[in-house]
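# Below is the sequence, then the predicted model.
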Amino acid sequence: MQRLEHMQHLDKHLVDELAHVARESVRAELREQTRGQRRKAALYAGSGAAALYAGAAVALAVGLALDLVLPGWAAALVTAVILAAVAFALRTAARPDTPGFPAAGGTRAAGSVPPVPSTPPTVGTDRAPGTDRVPGTDRIPGTDRVPGNG
């Protein structure tokens, strides 16, 4: 009996040790993966900030160039319209198939949401007009009774 308890103790110890080793190896692997992802995210953030400042410099250059031939307010207005058009084009390129609107090719893509009907369905459309019967049957809704058969 004592030998059986000793074996159970060894089995429990072995299972605990294996679980500990497995947890440590998974933890080390996740730590390595997240280290690379953090570095990549920091690089993307830095490139985004640099692109933002570069875009501001280009907008300023366009505005100053237009200021040579137009009044200042008109140059600023033209620059704003150009930037708005670029923003709209980029948004459209990122999301070409807006639900309810055709894609760039003129037809809706497969799997897109169908258009919403202009009028909501009316209440009681599961019955034939002026009766309590379901259309196409003689049955009364919610029962198995047929009118006139009790």
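Received the coordinates, thanks.
# just checking, next helix/strand downstream of the longest helix along the chain?
When the chain is parsed with DSSP state H, its longest helix is helix 2-67. Next helix or strand after helix 2-67 toward the C-terminus (DSSP states H and E): helix 72-94.
# Output the below-cut-off pLDDT ranges for this protein.
1, 6, 96-114, 117, 120-150 (pLDDT under 70).
# could you give the angle of the longest helix of the chain to helix 72-94?
Per axes from the mean of the first three to the mean of the last three C-alpha atoms, to 10 degrees, the angle that helix 2-67 makes with helix 72-94 is 140 degrees.
# Helix 2-67 - contacts with which helices or strands?
The helices and strands touching helix 2-67, judged by 3 or more C-beta pairs under 8 Å, 6 or more residues apart in numbering; DSSP states H and E, are helix 72-94. Any C-beta I mention is one placed from the backbone N, CA and C, and that applies to glycine too.
# Okay, buried residues for the helix it packs on please.
Under the neighbour-count criterion of 16 or more other C-beta atoms under 10 Å, helix 72-94 has 75, 79 buried.
# Provide the contact partners of that helix at residue level.
59, 62-64, 66-67, 70 (C-beta atoms under 8 Å, 6 or more residues apart in numbering).
# Tabulate the CA atom coordinates of that helix in CSV.
Output of helix 72-94 as CSV, limited to C-alpha atoms (Å, rounded to 0.1, in the frame of the first residue of the first chain):
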residue,chain,number,x,y,z
GLY,A,72,-3.3,84.0,-49.9
TRP,A,73,-6.9,83.0,-49.0
ALA,A,74,-7.5,81.5,-52.4
ALA,A,75,-4.2,79.5,-52.2
ALA,A,76,-5.2,78.1,-48.8
LEU,A,77,-8.6,77.2,-50.2
VAL,A,78,-7.2,75.4,-53.2
THR,A,79,-4.7,73.5,-51.0
ALA,A,80,-7.5,72.4,-48.7
VAL,A,81,-9.7,71.2,-51.6
ILE,A,82,-6.7,69.2,-53.0
LEU,A,83,-6.0,67.7,-49.6
ALA,A,84,-9.7,66.8,-49.2
ALA,A,85,-9.8,65.1,-52.6
VAL,A,86,-6.7,63.1,-51.8
ALA,A,87,-8.2,62.1,-48.4
PHE,A,88,-11.4,61.0,-50.1
ALA,A,89,-9.5,59.0,-52.8
LEU,A,90,-7.4,57.2,-50.1
ARG,A,91,-10.5,56.4,-48.1
THR,A,92,-12.3,55.0,-51.2
ALA,A,93,-9.2,52.9,-52.0
ALA,A,94,-9.2,51.5,-48.5
